[in-house]
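> Sequence and predicted structure below; questions after.
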Amino acid sequence: MNWSERLSPTVNAIPPSGIRRFFDIAADMKGVISLGVGEPDFVTPWHIRESCIYGLHKGYTSYTSNYGLLELREEIVKSLYNDYQVTYDPRQEVLVTVGVSEALDLAMRALLSPGDEVLVPEPCYVSYKSCVTLAGGVAVTVPTSIDNQFCITADQLEAYVTPRTKVLLIGYPNNPTGAVMTREALMSIAAFAQKHDLIVISDEIYAKLTYDATHTCFSSLPDMRDRTIVLNGFSKAYAMTGWRIGYAASNADFIGAMTKIHQYTMLCTPITAQVAAIEALKRGESQVTHMVTEYNQRRRLILDGFREIGLECFEPKGAFYVFPSIKSTGLTSLEFAEQLLMSEKVALVPGNAFGDSGEGFVRCSYATSTKNITEALQRIGRFVAKF
């Protein structure tokens, strides 16, 4: 039986993740330094892990509300208000999800009809376009460039909007570039969304990881609260990737629609992860501050290192990635990543994994030790010197 002929044409047309391919190769090689993993190298703080253990001892092993534990939703609402002065009803306007990835999938499926268009600035996280496609929509990519520090503008978006455009999907601080948009720049994006009556999905998973910049929650902008679905979670800031816990915040109609899908597919997020997330929000800020300070030191180290090697690299203001240009080597992004891995055993991600406008760049994560970054830079320097 030829199973590929039996599968959905939509699924067959979606390429596998360009990130995972290099992880799989590197996993079978000895002595590899990985700058490819978008995952904190910190262990989840002990008091957060301990809260989960305590919950298990107390017998917290049941289902929860489809929306998630009310106490967690209340803490999420407090956090959003304290950080950004935006208000939500914890009972109707917050949905706890299995990571931000599920929240994005739910949002797309709740909003899109076949043929609806979604504006997606590139480079972007690898699942954005695929989630649009799986929901029956059409991803319309809008390229950004190093010339404007990979930030999108309303003028750029105007060139791509059509009568079928329904959603604008943005993610700042950005993966893979580390770009952060100012409040002033986001105000122009908000005016564009209002002008064209668009819904905005704002992926803010790296909101707490900013350096020399201030994050602006998109829904906190004037008239944007009821037009925006804010996605966020605990993976990056609290070093809780494996816990798989995120959330969506929006008006009750949007959240209710997302919850209908969630209750028939995922049902609820594991209660143990929700208990840990409550502890993270109540008492985890000091650890977040410590991790951000450490990431900032690594950011300076890797940024200066690439510039000394001779690779152009704009200064990222958030997340934990740098996105150096490798155009001077004459290699494509894929060639650079493959040859570097085989000759110097350094794993990174080719920029075109994040869209066509990522060609000519590579993504390097500095969520690894200073020792690893220093050694990786030496190896990359040897490799680049050949060209």
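That came through, no problem.
> Next SSE downstream of whatever helix or strand residue 342 lives in?
Using DSSP states H and E, residue 342 maps to helix 333-344. The helix or strand immediately downstream of helix 333-344 is strand 346-347, counting by DSSP H and E.
> worst-scoring helix or strand of the chain, pLDDT-wise?
The least trusted helix or strand in the chain, going by mean pLDDT, DSSP states H and E, turns out to be helix 18-27, with a mean of 69.
> Let me see the contact set for the residue lying closest to residue 279 once chain neighbours are set aside.
Distances taken as CB to CB, 6 or more residues apart in numbering put residue 51 closest to residue 279, at 3.8 Å, once the chain neighbours are dropped. From N, CA and C alone the C-beta is placed, and that goes for glycine too. Going by CB atoms under 8 Å, 6 or more residues apart in numbering, residue 51 touches 275, 276, 278, 279.
> wait, the third one sits on residue 73?
This means residue 278. No: counting by CB atoms under 8 Å, residue 278 does not reach residue 73; the two are 9.8 Å apart.
> looking at it, residue 106 is touching residue 98, isn't it?
No: using CB under 8 Å as the test, residue 106 is too far from residue 98 to be in contact (9.8 Å).
> Can you list the buried residues in the helix or strand residue 157 falls within?
For residue 157, the enclosing helix or strand under DSSP H and E is helix 154-158. For helix 154-158, the neighbour count (16 or more other CB atoms under 10 Å) marks 156, 157 as buried.
> Look at the nearest residue in space to residue 313 that is not next to it in sequence and report its pLDDT.
Distances taken as CB to CB, 6+ apart place residue 324 nearest to residue 313, at 4.0 Å, with adjacent residues excluded. Looking at residue 324, its pLDDT reads 97.
> what's residue 324 in contact with, if anything?
306, 311, 312, 313, 361, 362, 364 are the contacts of residue 324 under CB under 8 Å, 6+ apart.
> how close does the third one sit to residue 337?
Remark: distance between residue 312 and residue 337 (CB to CB, to the nearest Å) = 17 Å.
> Report the contact partners of the nearest residue to residue 240 once chain neighbours are set aside.
Closest residue to residue 240 apart from its sequence neighbours, by CB to CB, 6+ apart: residue 234 at 4.3 Å. In this structure, residue 234 makes contact with 240, 243, 245, 246, 276, 277, 280, judged by CB under 8 Å, 6+ apart.
> what's the helix or strand for the last one?
Of the helices and strands defined by DSSP H and E, residue 280 is found in helix 271-283.
> Residue 215 now?
Per DSSP H and E: nothing holds residue 215, as it lies in no helix or strand.
> For it, grab the count of nearby residues.
Each residue near residue 215 was counted by other CB atoms under 10 Å, and the total is 20.
> Please look at it and residue 292 and confirm they touch.
No: counting by CB under 8 Å, residue 215 sits too far from residue 292 to count as a contact (11.6 Å).
> overlap in contacts of the two?
residue 208.
> quick one, what contacts residue 247?
Listed by CB under 8 Å, 6+ apart, the contact set of residue 247 reads 68, 73, 76, 94, 95, 96, 97, 103, 231, 232, 233.
> So it, which state does it fall into?
strand (DSSP: H, G, I helix; E, B strand; the rest coil).
> Which residue, other than its chain neighbours, is closest to it?
residue 96 (5.1 Å).
> Distance-wise, check that neighbour relative to residue 26.
Counting by CB to CB, the gap from residue 96 to residue 26 is 33 Å.
> Comparing the two, which shows the higher neighbour count?
residue 96 (26 against 18).
> mind checking the backbone torsions on that one?
Per-residue torsions, residue 96: phi -90, psi 130 (degrees, to the nearest 10).
> Residue 312 too?
phi -60, psi 130.
> dump the residue contacts of it.
The contact partners of residue 312, taken as CB under 8 Å, 6+ apart, are 146, 324, 325, 327, 328.
> now residue 174
When contacts are counted by CB under 8 Å, 6+ apart, residue 174 touches 123, 124, 150, 180, 206, 318, 319.
> Arrange the residues you listed in TSV, one row each, with distance to residue 288 as further columns.
Shown next, in TSV, are the contacts of residue 174 (distance: CB to CB, whole Å):
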residue	distance to residue 288
123	26
124	25
150	25
180	17
206	12
318	14
319	14
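> And the residues you listed, which is closest to residue 341?
When the contacts of residue 174 are compared for distance to residue 341 (CB to CB), residue 123 wins out at 20.3 Å.
> Share the number of residues neighbouring the closest one, please.
Residue 123, neighbours per other CB under 10 Å, totals 27.
> what's near enough to touch it?
144, 150, 174, 176, 177, 323, 351, 354, 355, 357, 358, 361.
> let's see it at 7 Å
For residue 123, the contact set (CB atoms under 7 Å, 6 or more residues apart in numbering) comprises 150, 176, 177, 351, 354, 355, 357, 358.
> Need the residues you listed in a markdown table (columns: distance to residue 252 and neighbour count).
Listed next are these as a markdown table, based on distance: CB to CB, whole Å; neighbours: other CB atoms under 10 Å:
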| residue | distance to residue 252 | neighbour count |
| --- | --- | --- |
| 150 | 34 | 26 |
| 176 | 34 | 29 |
| 177 | 34 | 30 |
| 351 | 39 | 28 |
| 354 | 34 | 27 |
| 355 | 34 | 24 |
| 357 | 36 | 20 |
| 358 | 37 | 25 |
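> and those, which of them are in helices?
In helices, defined here by DSSP state H, there are no members of those.
> OK, contacts around the closest residue to residue 64 other than its chain neighbours?
Nearest residue to residue 64 in three dimensions, chain neighbours excluded: residue 268, at 4.8 Å (CB to CB, 6+ apart). Neighbouring residues of residue 268 by CB under 7 Å, 6+ apart: 63, 64, 65, 66, 68.
> now residue 167
Applying CB under 7 Å, 6+ apart to residue 167 gives the contacts 111, 118, 198, 199, 201.
> Against residue 112, how distant is it?
From residue 167 to residue 112 the distance is 7 Å (CB to CB).
> Residue 66 now?
From residue 66 to residue 112 the distance is 21 Å (CB to CB).
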